[in-house]
Every structure is written in C-alpha cells, then in structure tokens.
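> Here's my sequence, what's the structure:
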Amino acid sequence: MFHVYVLYSNSRNVYYIGYTGDDLSERLRKHNSNHRGFTGKSEDWKIVYTEAYPTKKEASERERKIKSWKSRKKVQVLVNSALTHTDL
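Purely as a prediction, here's the structure:
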C-alpha cells in the first residue's frame, strides 16, 4: 500500500505534500528529524491528510496532481474535507 500525505508545520504555517510506501509514522519521524531539505527546517510536522493507493504509480500521480494546484486554498479545502468526514 502506498500513501499520499499532507503535512502541516504550525511554526512555519506551511503544508508539505508527499507520498510513501513506507509506514506513515516512520516517514513522519524522518520529516521531523534534523536533515537537509524542505521539511528539515522545523520539527513540528503533523500529518493532516492521507489517501491510500494500491500502486506506487497511482500515489505518485496523485501527489503530482495535488502539487500542480499550486494553491494553498485548494490544499486547505482537501484537508478540511477529511476533517469534516472524520467528525461524522
């Protein structure tokens, strides 16, 4: 199983979109570790949205689709739609 995920850093007030075939909690731990790269600049990343896909290709395509939006508002709508559904 592969996962597309959206992370949010409260200290930077920014979203990050990625995908992984690994365990999501381990991937989050890596994002929150001190490393080079976009997510290495803060240690307060939280998973705020996920989608599961059976293949790497599908997950990769969905990640690229979300990133192509280049719109914080659209990402927020996506994240908020998940929050609304989990509150039911």
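
> what's the pLDDT at residue 19?
Residue 19 carries a pLDDT value of 97.

> now the biggest helix by length in the chain: how far from the chain's centre is it?
For the chain, the longest helix by residue count, based on DSSP state H, is helix 72-86. Offset of helix 72-86 from its chain centre (Cα atoms, centre = their mean, to the nearest Å): 12 Å.

> same thing with stretch 46-62?
Taking mean C-alpha positions (Cα atoms, centre = their mean), stretch 46-62 and its chain are 9 Å apart.

> what comes up buried for it?
The neighbour-count check on stretch 46-62 (16 or more other Cβ atoms under 10 Å) flags 48-49, 51, 53, 59, 62 as buried. C-beta: built from backbone N, CA, C; applies to glycine.

> I'd like these written out as CSV, with pLDDT and secondary structure added.
Shown next, in CSV, are those (pLDDT from 0 to 100; DSSP: H, G, I helix; E, B strand; the rest coil):
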residue, pLDDT, secondary structure
48, 96, strand
49, 96, strand
51, 96, strand
53, 97, strand
59, 97, helix
62, 97, helix
